[in-house]
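# no letters, just coordinates:
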């Protein structure tokens, strides 16, 4: 028995009307199949888009996390270099002072 939109298609009980009911059921089934193909294609396309956007979002999140780690490492390096620069300035000033005292 033909099924249209998830429901069995009502057919006439008499043998004479059976051919027309079968034809109507076949047409209805053809329409449902055509709609399923079109809607299925749309759903598949949307599914692929969502999967693509999800992948892009995950990549962007990982890139952001890497950037934050790199930023923190650079900030630590900057602080180390500032401290080293301060020490070198003190050493240079002490060297100049001792050279001036010796001269």
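Cool, got the structure. It should be emphasised that the depicted structure is a prediction, and the values quoted were computed from it without experimental measurement.
# use CA for all of it now, contacts and neighbours both
OK.
# so which elements touch the helix or strand where residue 78 lies?
Following DSSP states H and E, one finds residue 78 within helix 18-102. Applying 3 or more C-alpha pairs under 8 Å, 6 or more residues apart in numbering; DSSP states H and E, one finds that helix 18-102 contacts strand 3-4.
# what about the strand it packs on, average pLDDT?
Strand 3-4 shows a mean pLDDT of 56.
# next: stretch 39-46.
The average pLDDT within stretch 39-46 is 80.
# for it, list every residue counted as buried.
Of the residues in stretch 39-46, none count as buried by neighbour count, 16 or more other C-alpha atoms under 10 Å.
# distance between that stretch and the chain's centre?
18 Å (C-alpha atoms, centre = their mean, to the nearest Å).
# what of stretch 55-63?
For stretch 55-63, the distance to the chain centre is 7 Å (C-alpha atoms, centre = their mean).
# before we move on, what about stretch 22-34?
Remark: stretch 22-34 is offset 39 Å from the chain centroid, using C-alpha atoms, centre = their mean.
# report the mean confidence score over it.
Mean predicted confidence for stretch 22-34 is 76.
# measure the residue positioned nearest the centre of the chain to residue 30 for me?
Residue closest to the average C-alpha location in the chain (C-alpha atoms, centre = their mean): residue 54, at 1.5 Å. Counting by C-alpha to C-alpha, to the nearest Å, the separation of residue 54 from residue 30 is 35 Å.
# residue 41 too?
Distance, residue 41 to residue 30, by C-alpha to C-alpha: 16 Å.
# and if you look at residue 57?
The value you get for residue 57 to residue 30, if C-alpha to C-alpha is used, is 40 Å.
# try residue 45
Distance of residue 45 to residue 30, computed by C-alpha to C-alpha: 22 Å.
# again, but for residue 23
10 Å.
# over to residue 98?
For residue 98, the distance to residue 30 (C-alpha to C-alpha) stands at 101 Å.
# need the contact partners of stretch 87-99.
Stretch 87-99 has contacts (C-alpha atoms under 8 Å, 6 or more residues apart in numbering) with no other residue.
# what is the mean pLDDT for that stretch?
Computed over stretch 87-99, the mean pLDDT rounds to 92.
# alright, calling it a day.
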